[in-house]
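A predicted structure for the sequence below; I have some questions about it.
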Amino acid sequence: MVEPTLPRHPFDPAFTGDDDDKLHEECGVFGVIGVADAANFVALGLHALQHRGQEAGGIVTHHPDHGFTSARRIGLVRDNFTTASVMETLPGEIGIGHVRYSTAGAKGATQIRDVQPFFGEFAMGGAAIAHNGNIVNADELRRELIEHGSIFQSSSDTECIIHLMARSLQKTIPERMKDGLRRVEGAFSIVAMTRTKLIGCRDALGVRPLVIGRVGDGYALSSETCALDIIGADYVREVAPGEMVVITDEGIESFQPFAPKKPRFCIFEHVYFSRPDSIIGGQSIYETRRQIGVELALEAPVEADLVCPVPDSGTPAAIGYSQQSGIPYAMGIIRNQYMGRTFIEPTESIRNMGVRLKLNVNRALIRGKRVILVDDSVVRGTTSRKIKEMILDAGAAEVHFRIASPPTAWPCFYGVDTPQREKLLAATMSEDEMREHLGVDSLKFISLDGLYRAVGEAKGRDPSQPAFCDACFSGDYPVAPTDQLKKGFQLLAAAE
Ligand code: SF4
């Protein structure tokens, strides 16, 4: 059987090439219990989390009369989970869902068998599971499980958890999940469900986010608070690093299945992945990003006429830079809000338009000006070069890049799609070489200490005990990437 894959189109970011130049969060997870028509809540929650994965999504619900039902689709939530014909197939007062950005195989080659939530039927009943993160010993686990008779149906690392649960001798699904997750290394924020329980769990370092909300008489679990807002849920608290919560009609039970560790939340969630209207660790993401701009202006001042964000992710940092420096903020680049698949044929001439399909320069504003462009990160540098060309074509007198993250010199193995190390500009070039390569008048990244200050660590980064995961900037991996090391990946000490 040929499985459906996402159609390629010239307006797809992957087609225009600029999608390759951003890091991508691979997943968002959401679940509810104790609400009528749970699937509608899950669909809304996933829609609010769409920035965490656009290639595919799925919803599983349970109804006492109909049992477990699921719908898994390639494409966006709004295109798949809005019609009555689909939503009526997902009855029940408990449900979970998942949005996904694929990393296995070619970009855009998501196969329906890899779309979560995954489902397992156990002696004590069924369970569905959705996972945000990445299991760094998945190859090893998969080999072992297959040798012991497990038959995998997907290429996803998440399926290992289902098979580990199947092999556990524990009597309940939450206990089996604890058992299975103790074998798993890496980053995970999990939302799972049985017929009567909504389960949330984070790895001991709490690398990826997961929050609890209260909706009517029920509860919700979500990757981010912005998805609680869309369903009118009140924020309750975060699932703590290393915590498992089991939510029923009776309320929330909390367990600590793993040996405690000092948390290392992903600092890049603050810089880029999470939506600016989300709250993490009690902090507004928007405010943190604005503060990053303030730090950047203090660390890397330059004389200029305008501060312009690279939309949309550079906007709060550009506002902070402008406020601190006193240089006027302006929208020098306008984003086409209506990017999407249209009727235009994928011709070579359209392909060559590249980033211009998505971004356009506000010429009247830019002409003759010294422009500071604020962006969230530089990955391969391809988009930065194109944007610089567009700004110079529009008659800018000078172009200065200010980047709201330190140089991204290392790949992420904890649930973010990153190019191989040699494809990362900062892995092969110094800051000066990057400036020359991009052809800009100046290029400055925020320092790691400056970034830590912006997220609330007044003393900057404590190298002996960093408060966050920052491996993509520092090469300091809080969990050894087991499978990658076996494939020859070299850690910082070995690479130097
Ligand atoms: S390596 Fe970077 S992107 Fe990955 S979890 Fe750590 S900080 Fe986040």
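Received, thanks.

ok and the residue in the stretch 301-450 of the chain nearest the ligand?
C412 (3.0 Å; CB to the nearest ligand atom). Glycine gets a C-beta too; all of them are placed from N, C-alpha and C.

for the stretch 1-150 of the chain, same thing?
For the stretch 1-150 of the chain, CB to the nearest ligand atom, closest residue to the ligand: L23, 6.3 Å.

neighbours of that residue, just the number please.
For L23, the neighbour count with other CB atoms under 10 Å is 22.

so the residue of the stretch 301-450 of the chain closest to the ligand touches L23, yeah?
Yes - between C412 and L23 there is a contact under CB atoms under 8 Å: 6.9 Å.

which residues are common contacts for the two?
F268, T418, C472 (CB atoms under 8 Å, 6 or more residues apart in numbering).

most neighbours out of the residues you listed, which is it?
Counting by other CB under 10 Å, top hit in those: C472 with 27 neighbours.

pull the contacting residues for it.
Contacts of C472 (CB under 8 Å, 6+ apart): L23, F268, T408, A409, W410, P411, C412, V416, T418.

alpha carbons of the helix or strand hosting it, in CSV - could you do that?
Applying DSSP states H and E as the criterion places C472 in helix 471-474. This file holds the C-alpha atoms of helix 471-474, laid out as CSV (Å, rounded to 0.1, in the frame of the first residue of the first chain):
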residue,chain,number,x,y,z
ALA,A,471,23.7,22.1,24.1
CYS,A,472,23.1,23.5,20.6
PHE,A,473,25.1,26.6,21.6
SER,A,474,27.6,25.1,24.1
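
A helix includes T383, no?
Yes - secondary structure assignment places T383 in a helix (DSSP: H, G, I helix; E, B strand; the rest coil).

surely it meets D21?
Yes - counting by CB under 8 Å, D21 is a contact partner of T383 at 4.1 Å.

who has more neighbours, the two?
The residue with more neighbours, out of T383 and D21, is T383; 23 against 20, by other CB under 10 Å.

what pLDDT does the more buried one get?
T383 carries a pLDDT score of 88 in this model.

hmm, back to that, got a markdown table for the shared contacts of C412 and L23, with distance to the ligand too?
Conversion of these to a markdown table gives the following (distance: CB to the nearest ligand atom, whole Å):
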| residue | distance to the ligand |
| --- | --- |
| F268 | 4 |
| T418 | 7 |
| C472 | 3 |
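
beta-bridge partners for the residue in the stretch 201-350 of the chain that the ligand sits nearest to, please?
Closest residue of the stretch 201-350 of the chain to the ligand, CB to the nearest ligand atom: C266 (3.2 Å). Counting by DSSP bridges, C266 is bridged to C469.

neighbours of it, how many?
With other CB under 10 Å as criterion, C266 counts 27.

shouldn't it be in contact with D203?
No - C266 is beyond contact range of D203, at 11.2 Å (criterion: CB under 8 Å).

rewinding a little: please flag which of the contacts of C472 sit within helices.
Judged by DSSP state H, helices contain the following of the contacts of C472: F268.

what is the most widely separated pair among the contacts of C472?
Greatest spatial distance among the contacts of C472 (CB to CB): A409 and V416, at 14.3 Å.
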